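Visitor: Here's my sequence, what's the structure:
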Amino acid sequence: MSNYKTDILQLNSYLIGIVTTSLPTLNVLPENYAEYLEYYGKAQVEAKRWVEKTYNNLTVIPGVIADRTAITQKTLKDAESYLERIILRPEDAFAIMMFQQDLKDAQTVISNMISTSRSLVDELDKYQSESLDIIRDNLKQLTDGMLKGVDVDEQKITELTARIGALERDIKSQTAAIVGGSLLVVTGIVMCSLALFTGWGTAVGIAGAVVCGGIAIAGGSIVGTAARKIVDDKEAIKNSQEKCSLYEQDIAALRIAADTFDKFCTQMDDMKGYLADIIEVWQTVNNELNELQQDVAEASNEFSRQDWEQVQQSLRNASEVCGKITDWMGDLDISDLKATDAEITPGMTEEEVKRALDAGNTMSFEEYIMAV
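Guide: Purely as a prediction, here's the structure:
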């Protein structure tokens with residue numbers, strides 16, 4: 001399954017890219033540019049609204065899962081202790097009663113966890129279908145329409161955007177090596193490498209097309225321009241740029257902006273997949289316990305020691321499945337994710353960056369994104 005923490009970081013990265021992107025007047029206006037601006041404006045509004053309405057639930061759910069898992073495991077452990085008594089004395093009515101109660105208690109906790117997780121998945125589905133997917137589809141259609149213009153070579157634009165994507169990935173990698181992978185400064189790189197490193201030959205080309213502020217700029221600037229990969233990436237972008245007309249450069253910027261929103265929506269699908277994996281595990285445990293509960297309720301008076309030993313094995317099987325959630329707890333721990341208002345500028349050395357981070361204030365991602 002995927003890594004929940006990585007998914008959250010990626011999601012934050014795209015959110016920052018969306019809300020901090022500013023699109024100027026282009027060299028040659030595409031026919032549908034006004035409509036594009038309208039939908040990108042909606043994308044920025046909905047990204048912030050999504051943080052207000054939904055993001056907190058995604059950050060709370062790991063703690064809920066950890067809490068419910070611990071409760072369930074303790075309850076199943078208690079149930080097994082009663083089973084050990086029952087195996088020694090199958091006629092121990094009190095132990096049988098307490099064993100059955102433990103099964104019921106565990107099922108109640110698990111059912112609650114399944115319901116909570118499904119509600120969050122439903123919430124994400126509803127928000128996507130009623131808002132985000134509509135904006136994504138319109139942005140895609142508009143950029144696809146621009147690419148079909150008579151003066152546009154789509155292959156050149158694809159090559160250019162791929163080069164810029166490689167630059168962003170290398171910046172992320174080297175940035176993470178300096179500040180670590182949990183501080184959200186690392187996630188603010190999407191789109192910002194355009195403004196910092198591409199060096200377009202016109203004041204209103206892509207160099208001005210993507211204007212990022214605060215923490216977002218920090219992600220791209222702390223690497224410095226001397227790193228071999230960054231130098232190579234910049235050279236590759238320059239070579240691809242020279243093949244493009246100014247109009248194609250502008251279309252490339254608009255395509256990257258639309259793709260960032262598309263990646264944001266796709267990342268939510270990954271989040272839902274992670275939650276679906278957890279629901280599946282919980283449902284497996286719940287089904288196993290429900291079957292045990294029914295068997296014991298219907299025939300416990302007739303059970304032999306061997307029958308109770310079989311019940312014990314089934315309970316252990318359920319506990320092992322539940323243990324998978326525990327194995328994922330490390331991936332679910334996002335308690336150390338923070339944003340920072342540290343002021344970091346292009347050309348800083350690694351030591352200067354670290355001092356700036358020490359001097360900055362940390363805050364929650366919600367506080368940061370709503371202040372942008």
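Visitor: Tell me how many other residues surround residue 304.
Guide: 9 (other CB atoms under 10 Å). Quick note: C-beta positions are derived from backbone N, CA and C, even for glycine.
Visitor: ugh, typo on my part, it should be residue 370
Guide: With other CB under 10 Å as criterion, residue 370 counts 12.
Visitor: Quickly find the element holding it.
Guide: Element membership for residue 370, per DSSP states H and E: helix 365-371.
Visitor: Do me a favour and average the pLDDT over that helix.
Guide: For helix 365-371, mean pLDDT rounds to 70.
Visitor: Stretch 242-252 too?
Guide: Here stretch 242-252 scores 85 as its mean pLDDT.
Visitor: Next: stretch 266-285.
Guide: Mean pLDDT, computed over stretch 266-285, is 86.
Visitor: ok, now stretch 80-88?
Guide: In this model, stretch 80-88 carries a mean pLDDT of 93.
Visitor: can you check stretch 126-133 too?
Guide: Per-residue pLDDT over stretch 126-133 has a mean of 89.
Visitor: What residues of that stretch count as buried?
Guide: Within stretch 126-133, the residues that qualify as buried are 127-128, 131-132, counting by 16 or more other CB atoms under 10 Å.
Visitor: Out of these, give me the two with the largest separation.
Guide: The distance between the two most remote of those (CB to CB) is 7.2 Å, for 128 and 131.
Visitor: quick one: furthest residue from the center of this protein?
Guide: Counting by CA atoms, centre = their mean, the extreme residue of the chain relative to its mean C-alpha position is residue 91, 52.4 Å from that point.
Visitor: That one in helix, strand or coil?
Guide: Classification of residue 91 using DSSP: H, G, I helix; E, B strand; the rest coil returns coil.
Visitor: And residue 339, by the same measure?
Guide: Classified using three-state DSSP, residue 339 is strand.
Visitor: That one contacts residue 365, doesn't it?
Guide: Yes - if you go by CB atoms under 8 Å, residue 339 and residue 365 touch, sitting 5.2 Å apart.
Visitor: just the helices in the stretch 101-250 of the chain please.
Guide: Using DSSP state H, counting those that start in this stretch, the helices of the stretch 101-250 of the chain run over residues 133-147, 154-179, 192-197, 206-209, 215-221, 228-242, 246-299.
Visitor: Show the contacting residues for residue 53.
Guide: By CB atoms under 8 Å, 6 or more residues apart in numbering, the contact set of residue 53 is residue 127.
Visitor: Could you do the one 4 residues further on as well?
Guide: Residues counted as contacts of residue 57 (CB under 8 Å, 6+ apart) are 120, 123.
Visitor: and if you look at residue 314?
Guide: Taking CB under 8 Å, 6+ apart as the contact definition, residue 314 lies against 288, 291-292.
Visitor: Neighbour-wise, give me the winner out of those residues.
Guide: In terms of neighbours by other CB under 10 Å, the contacts of residue 314 top out with residue 292 at 22 neighbours.
Visitor: Please tell me the pLDDT value assigned to that one.
Guide: If you check residue 292, the pLDDT there is 89.
Visitor: isn't it right next to residue 315, touching?
Guide: Yes - using CB under 8 Å, residue 292 makes contact with residue 315 at a distance of 6.5 Å.
Visitor: which stretches of this structure have low pLDDT?
Guide: Residue ranges of the chain with pLDDT under 70: 1-3, 24-25, 149-150, 171-228, 230, 326-338, 341-350, 353, 368-369, 371-372.
Visitor: related to what we said a few turns ago, who has more neighbours, residue 339 and residue 365?
Guide: Taking other CB under 10 Å, residue 339 and residue 365 do not tie; residue 339 has more neighbours (26 against 23).
Visitor: From residue 271, how far off is that one?
Guide: Residue 339 sits 19 Å away from residue 271, taking CB to CB, to the nearest Å as the criterion.
Visitor: Equivalent analysis for residue 356, please.
Guide: Residue 356 sits 31 Å away from residue 271, going by CB to CB.
Visitor: Repeat that for residue 283.
Guide: According to CB to CB, residue 283 stands 19 Å off from residue 271.
Visitor: What of residue 48?
Guide: According to CB to CB, residue 48 and residue 271 sit 18 Å apart.
Visitor: Of the two, which one has the most company?
Guide: Using other CB under 10 Å, the more surrounded residue of residue 48 and residue 271 is residue 271, with 20 against 17.
Visitor: My read is that the more buried one contacts residue 12, right?
Guide: No - Residue 271 lies out of contact with residue 12 (CB under 8 Å); the separation is 11.7 Å.
Visitor: and the buried residues of stretch 126-133 as a markdown table, adding distance to residue 82?
Guide: As requested, the buried residues of stretch 126-133 are exported to a markdown table (distance: CB to CB, whole Å):
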| residue | distance to residue 82 |
| --- | --- |
| 127 | 45 |
| 128 | 46 |
| 131 | 50 |
| 132 | 49 |
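Visitor: if we take the residues you listed, which one ends up nearest to residue 74?
Guide: Using CB to CB, residue 127 is the member of the buried residues of stretch 126-133 that lies nearest residue 74, at 35.1 Å.
Visitor: Touching, the closest one and residue 50? I think so.
Guide: Yes - the criterion here is CB under 8 Å, and residue 127 meets it with residue 50 at 6.6 Å.
Visitor: residue contacts, residue 80?
Guide: 312, 315-316, 319.
Visitor: Tell me the buried residues within those.
Guide: Buried members of the contacts of residue 80, counted by 16+ other CB under 10 Å: 312, 315, 319.
Visitor: and the first one, which of the three is it?
Guide: On the three-state scheme (three-state DSSP), residue 312 is labelled helix.
Visitor: Does the nearest residue to residue 312 once chain neighbours are set aside lie in a helix or a strand, and which?
Guide: Once flanking residues are discounted, residue 312 sits nearest to residue 83: 4.9 Å by CB to CB, 6 or more residues apart in numbering. In this structure, residue 83 sits in helix 56-88 according to DSSP H and E.
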